[in-house]
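Asker: Sequence first, then the predicted structure:
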Amino acid sequence: MIHEASPIVISGPSGCGKDTIVTKLREMDEHISLAVSATTRAPRGEEVDGLDYYFLSREEFEKRIENDEFIEYVQYNDNYYGTLRSELTRLANEGKKCVLVIEVKGAANIIARYPDCLSIFVMPPSMDELDRRLHKRASETEDEIRKRLRIALDEIKRAGQYKHVVVNDDLDATIEEIHKLIVGG
Ligand code: 5GP
């Protein structure tokens with residue numbers, strides 16, 4: 001059977017900890033699963049195709065846009081990122097709560113489509129802390145980090161479009177708070 005349940009949208013600036021949060025949520029609750037996005041950016045570190053992202057060439061991504069395979073997609077930092085419709089139906093059919101970890105413009109499109117969906121913005125405690133976390137991760141160049149910090153400022157301005165804003169000061173407390181929002185909602 002094919003059905004489309006309302007997804008859970010989680011956003012936050014690059015380096016705010018949202019990927020770690022979602023990994024932990026999935027470990028602690030088997031009903032929570034992540035929609036794997038497609039992207040044209042190159043794999044980073046240990047990232048695995050089909051698990052972290054579907055890594056596509058620009059050509060492949062654009063073909064899928066033409067075929068209307070995305071529920072939303074954006075250009076972010078010179079690359080395409082998008083949520084495949086097939087991911088939502090796959091997870092809904094598995095009976096899972098489907099979490100989308102996406103940036104603010106894509107999130108706005110999802111929220112417009114599913115006005116009642118649970119949406120959460122993960123806020124870093126401060127810009128200094130975000131800067132420190134991005135440097136600690138050491139996966140991007142200095143130039144890339146500067147770009148991501150600039151984007152972060154714009155993203156924070158759009159935190160008001162989400163139903164909930166959670167400040168990730170203490171990771172365990174943040175995970176707990178988000179889990180409560182998901183199971184209670
Ligand atoms: P990163 O390159 O750090 O993995 O991701 C960059 C940004 O793109 C992050 O904010 C991430 O949440 C967002 N992103 C990842 N997948 C998608 C997607 O499918 N759609 C949208 N709109 N943003 C995405």
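Answerer: Sure, I can see it.

Asker: where does Thr83 fall, helix, sheet strand or coil?
Answerer: Secondary structure state of Thr83, per DSSP: H, G, I helix; E, B strand; the rest coil, is strand.

Asker: so what does the longest helix seen in the chain touch, helix or strand wise?
Answerer: As far as residue count goes, and with DSSP state H defining each element, the longest helix of the chain is helix 142-157. With contacts defined as 3 or more Cβ pairs under 8 Å, 6 or more residues apart in numbering; DSSP states H and E, the packing partners of helix 142-157 are helix 127-137. C-beta here means a position set from N, CA and C on the backbone, and glycine is covered the same way.

Asker: contacting residues around the helix it packs on?
Answerer: Counting by Cβ atoms under 8 Å, 6 or more residues apart in numbering, the neighbours of helix 127-137 from elsewhere in the structure are 13-17, 124, 140, 145, 148-149, 152-153.

Asker: can you give me the helices for this structure?
Answerer: Chain-ordered helices for the chain, with DSSP H as the definition, fall at 18-28, 58-66, 85-93, 104-113, 127-137, 142-157, 171-184.

Asker: Alongside the ligand, which residues does the protein contribute?
Answerer: Proximity of the chain to the ligand is assessed by Cβ under 6 Å from any ligand atom, with 14, 37, 41, 72, 74, 76, 81-83, 101-103, 106 identified as the residues in range.

Asker: try it again with 8 Å
Answerer: For the chain, the residues in contact with the ligand (Cβ under 8 Å from any ligand atom) are 11-14, 18-19, 35, 37-39, 41, 44, 52-53, 70, 72-74, 76-77, 79, 81-83, 100-107, 109, 148, 155.

Asker: Drop anything exposed from those.
Answerer: Buried residues within the residues of the chain next to the ligand, defined by neighbour count using 16 or more other Cβ atoms under 10 Å: 11-14, 18-19, 35, 37-39, 52-53, 70, 72-74, 76, 81-83, 100-107, 109, 148, 155.
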